[in-house]
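**Q** When you get a sec, could you give me coordinates for this:
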Amino acid sequence: MTTKTKKLVFSFTVKNEQSLTCGGTYLKLHYASVDPAQYKRDVPYFIMFGPDQCGSDKKIHLIFNYKGQNLLWKKTPRPESDKLTHVYTVIVNPDNTYEVQVDQKKVESGSLDADWDFLKPKQIDDPEDKKPEDWQDEEYIADPEDKKPEDWDSEPETVADAEATQPEDWDEDEDGKWEAPQVPNPKYKGQWKPKQIKNPEYKGQWKPKQIDNPEYIPDAELYHSREALGHVAIDVWQVESGSVFDNIIVADNLEEVNAFVDKTWGAHKEAEKTAHDAAEEKKRAAEEEARKKAEAESKQEDDAEDDGAEDKDDL
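**A** Residues are numbered from 1 along each chain as shown. Presented below is the predicted three-dimensional model:
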C-alpha cells in the first residue's frame, strides 16, 4: 500500500480484560520491505499507535517516524480504561491533516506540522542580536524617594516574656541565672524595604529579533510514508498479560473501514457490554455476601468471648 496521493486509515480493536494497570497496547505500521522472519523491535516503522497507561498516566500514543526520528505527539488524549473492547482509528490525510477516533468518535484532530516536530522552526532567534547594555527590563524598581525611617530598627525582633515568672524550684547554683523566655515583639517592624514604583525606563522584556532558519526545509508530504506499507506488528509491553487485539485493518477509505468496524466490533458491542455488566453485578453480589458472612462470623466470635468472660466473673 502506498500513501502518495491517498488517505491512510489504520484501525484496530483492543480489550484489556485483565484490568491492565501498566502497559502499552499499541500497533506498529511497518514498511513492506521489512522481513517478518528477521523482525526486531528496533525495525523502523511509519506509525506507532494505540492506548498507553501506567497508574494515573493515561494517553493515546501516535508516533510518526520521520527521517529516522520517532516523533512524539504533542497532544495526550485519554484512552478508554475499562474491560470492554474499544476501537482505535487514526486517519492521515494527503493535505497533512489527521484525525484520531475512539469507538468511531473523534477525540483529536489537527495538522501534522503543528502537532509533531516534523520540521525545524521557520524562524529562530538571531544569534548576532544582543540586548543593549542600557535596556531596562525591570518593570518595577525601588522608589529612590522612599527612605527608611530613623526609628525603624529601634525595636528588637523578640523581647522577654513579661508574663513569665521564675519557677519556684529554680536553683541558680545548678540552673544558672534565670531569664524570661523570648517572645515575638509586637512592635518589631521587620526588615525594611522601599516601596516599588513603575520603572519609567521600562522597555519590556527583551527578545532577540527573528530571522529565517537556514535549517528549515518545507515538506508538503509529511503524511507520505515514502515507502510502501505492508506489515503490522503488535508492540507488547505490559505488566499484566491478557490484552486481546483484533479487527486490524489498513485502508485508504474511511467508509470501507467503518463498514468493517460495524460488521465486527459494532455487531457485538451491546452483547459484550450486557454480559460484562451482568458479570460485574454477579461479582459485586458475591463480594457483598462474603462481607456479610465475615461480619456474622466475627460477631459470633465476639459474642463467644463475651460469654466466656461472664462465666469467669461468675466463678
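
**Q** pLDDT of the host helix or strand of E301, averaged?
**A** Assigning secondary structure by DSSP states H and E places E301 in helix 265-314. For helix 265-314, mean pLDDT is 83.

**Q** With stretch 113-123 instead?
**A** Stretch 113-123 comes out at a mean pLDDT of 95.

**Q** Contacts for that stretch next, please.
**A** 64, 66, 71-75, 96, 98, 112, 210-213, 215-219, 222 (C-beta atoms under 8 Å, 6 or more residues apart in numbering). (C-beta placed from N, C-alpha, C; glycine too.)

**Q** just the buried members of those residues?
**A** For the contacts of stretch 113-123, a burial check counting by 16 or more other C-beta atoms under 10 Å picks out F64, Y66, L71, W73, K75, N96, Y98, L112, L222.

**Q** count of neighbours near the nearest residue to the third one once chain neighbours are set aside?
**A** The reference is to L71. Of all residues not flanking L71 in the chain, W116 sits nearest, at 4.4 Å (C-beta to C-beta, 6 or more residues apart in numbering). Residue crowding around W116 was assessed by other C-beta atoms under 10 Å; the count is 21.

**Q** residues of stretch 109-126 that come out buried?
**A** G110, L112, D113, D115, W116, F118, L119.

**Q** ugh, typo on my part, it should be stretch 57-70
**A** Buried residues in stretch 57-70 (16+ other C-beta under 10 Å): I60, H61, L62, I63, F64, N65, Y66.

**Q** Could you export those as TSV, including pLDDT and distance to K177?
**A** Output for the buried residues of stretch 57-70, formatted as TSV (pLDDT from 0 to 100; distance: C-beta to C-beta, whole Å):
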residue	pLDDT	distance to K177
I60	96	73
H61	95	73
L62	97	76
I63	97	75
F64	97	79
N65	95	80
Y66	95	80
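
**Q** Just the ones in strands from those residues, please.
**A** I60, H61, L62, I63, F64, N65, Y66 (DSSP state E).

**Q** tell me the two of these that are most distant?
**A** Within those, I60 and Y66 form the most distant pair, 19.1 Å apart (C-beta to C-beta).

**Q** quick one: least confident helix or strand in the protein?
**A** Least confident helix or strand, the chain: helix 265-314 with a mean of 83, by mean pLDDT, DSSP states H and E.

**Q** which helices and strands sit right next to that one?
**A** strand 85-92 (3 or more C-beta pairs under 8 Å, 6 or more residues apart in numbering; DSSP states H and E).

**Q** Report all helices and strands that the following helix or strand past the strand it packs on contacts.
**A** Moving toward the C-terminus from strand 85-92, the next helix or strand (DSSP H and E) is strand 97-102. With contacts taken as 3+ C-beta pairs under 8 Å, 6+ apart, strand 97-102 sits against strand 57-66, strand 85-92, strand 105-111, helix 112-115.

**Q** follow-up on the earlier one: output the ones in strands among the buried residues of stretch 57-70 in JSON lines; the columns should cover distance to S298.
**A** Below are these laid out as JSON lines (distance: C-beta to C-beta, whole Å):
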{"residue": "I60", "distance to S298": "46"}
{"residue": "H61", "distance to S298": "48"}
{"residue": "L62", "distance to S298": "52"}
{"residue": "I63", "distance to S298": "53"}
{"residue": "F64", "distance to S298": "59"}
{"residue": "N65", "distance to S298": "60"}
{"residue": "Y66", "distance to S298": "63"}
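
**Q** Looking at those residues, which one is closest to S33?
**A** After measuring those against S33 - C-beta to C-beta - the closest member comes out as N65, at 13.5 Å.

**Q** can you pull the contacts of the closest one?
**A** Counted by C-beta under 8 Å, 6+ apart, N65 has contacts P44, Y45, F46, I47, M48, L71.

**Q** how does it look with 10 Å?
**A** The neighbours of N65, taking C-beta atoms under 10 Å, 6 or more residues apart in numbering as the test, are K28, L29, H30, Y31, P44, Y45, F46, I47, M48, L71, S225, R226.
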